[in-house]
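okay, here's the prediction I keep looking at, along with the sequence it came from:
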Amino acid sequence: MNGKRTAGAVAGALVAGLGLTAMMMAQEKKTRKASELTDLGRAFAHQLSVHHVPTGNGPPDPQEQAVVQGGHLLLSALAGVAYAAATDDDAGAVPSGIAFGLAFYGVAHWLTGPLLGVKQPEWRSDAKTIGMHTVNHVAFGLATAAGAKLATRTAA
């Protein structure tokens, strides 16, 4: 695995993850309700028997926000490493980014979340939610692939 390409994929994934984090935090501020990511974090914390987990649909306090968004960024970075491991140096950024984004969406929302019991199965979501998740993950995959490609080009 090419180290510069991996670093580029991680950087691209972190940029995309930060963008999604900013959107979710803005939504929480505007609606005064927890984002879907905060809800997932709370469900996971309950499963781990964390003693102090906020209940209800209120927005997170700064400490909870740091944990939820920090976990989201860690997952983004790990996804960047997975992209670099799953694709080769010659992969086109657009097709591999779209494919990776869709695969990541499928694994996260259609399989892992429901199997862990932290979210309802995605097929129970409405079309608007499925569309939003699809677009977000494709954008994430494209940013990850673009970061990897850019790092590969500058390494030559």
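Happy to help now that I have it.

quick one: residues in contact with stretch 131-143.
Identification of contacts with stretch 131-143 by Cβ atoms under 8 Å, 6 or more residues apart in numbering yields 12-13, 15-17, 19-20, 76, 79, 83, 93-94, 96-105, 108-109, 122, 125. C-beta coordinates here come from the backbone N, C-alpha and C atoms, glycine included.

you'd agree residue 32 is up against residue 57?
No: contact status for residue 32 versus residue 57: not in contact, 9.1 Å apart, counting by Cβ atoms under 8 Å.

okay, those two: which has more neighbours?
Taking neighbours as other Cβ atoms under 10 Å, residue 32 and residue 57 compare with residue 57 leading, 12 against 9.

could you measure from that one over to residue 138?
Per Cβ to Cβ, to the nearest Å, residue 57 is found 28 Å from residue 138.

and if you look at residue 45?
Using Cβ to Cβ, one obtains 29 Å as the distance from residue 45 to residue 138.

what about residue 118, neighbour count?
The number of residues packed near residue 118 is 17, by other Cβ under 10 Å.

quick one: residues contacting it.
Residues in contact with residue 118 (Cβ under 8 Å, 6+ apart) are 40, 43-44, 47.

again with residue 151
4-5, 7-9, 11.

if you set the cut-off to 7 Å instead, what comes out?
4-5, 7-8 (Cβ atoms under 7 Å, 6 or more residues apart in numbering).

what about those residues, which one has the most neighbours?
Result: residue 8 is most packed of those (other Cβ under 10 Å), 26 neighbours.

so that one sits right up against residue 147, yeah?
Yes: between residue 8 and residue 147 there is a contact at 4.3 Å, judged by Cβ atoms under 7 Å.
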